[in-house]
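1. Need a 3D model of the following:
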Amino acid sequence: MRIIGLDYGSTTVGVAISDELGITAQGIEVIRRDKEGKMRPTIRRIEELIEEYQVDTIVIGYPKNMNNTVGERAIKSEELAHSLHKRTGLPVELWDERLTTVAAHKAMIEGNMRREDRAKIVDKIAAVFILQGYLDHKANQTDKDGE
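-> Predicted structure coming up:
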């Protein structure tokens with residue numbers, strides 16, 4: 001079974017998926033919508049991806065403020081988490097995503113990617129950073145529990 005990672009933004013959702021062993025994350029797509037409130041098609045697409053990749057856990061980036069408070073974007077992530085859990089019955093984890101978009105931009109700049117190309121996939125790369133952070137944390141917890 002796999003884990004899906006989501007970078008939930010105002011008009012896009014970056015999507016990443018784990019390998020079957022839960023070791024690595026790879027970006028698969030960016031779901032775009034015209035307006036922030038139009039969530040039905042977005043949730044439908046996420047459900048399709050969950051089925052296609054046989055996902056058993058959902059991880060959503062949790063954009064807390066730098067001072068660790070919860071703002072408007074984090075509340076919207078909580079709402080998405082609730083909706084997806086209700087619709088899929090799968091466990092949904094919120095994962096601290098502070099600075100993942102900055103890290104994604106930095107990685108693409110270091111890879112000499114053009115600005116226009118970066119704008120098209122930054123959310124997908126941020127989803128990879130979110131999911132990979134979650135996977136690494138889980139692996140470290142397993143290592144500590146096994147000692």
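
2. now the helices for the chain?
-> 40-52, 72-88, 100-110, 115-146 (DSSP state H).

3. Pipe those into a markdown table and attach mean neighbour count and distance to A25 per row.
-> Bear in mind the C-beta positions are built from the backbone N, C-alpha and C, glycine included. Formatted as a markdown table, those follow (neighbours: other Cβ atoms under 10 Å; distance: least, Cβ to Cβ, whole Å):
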| stretch | mean neighbour count | distance to A25 |
| --- | --- | --- |
| helix 40-52 | 15 | 14 |
| helix 72-88 | 15 | 18 |
| helix 100-110 | 16 | 12 |
| helix 115-146 | 17 | 4 |
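
4. what about R115, distance to K64?
-> 28 Å (Cβ to Cβ, to the nearest Å).

5. do A74 as well
-> A74 is 5 Å from K64, by Cβ to Cβ.

6. Kindly report the same for G9.
-> Computed as Cβ to Cβ, the G9 to K64 distance reads 15 Å.
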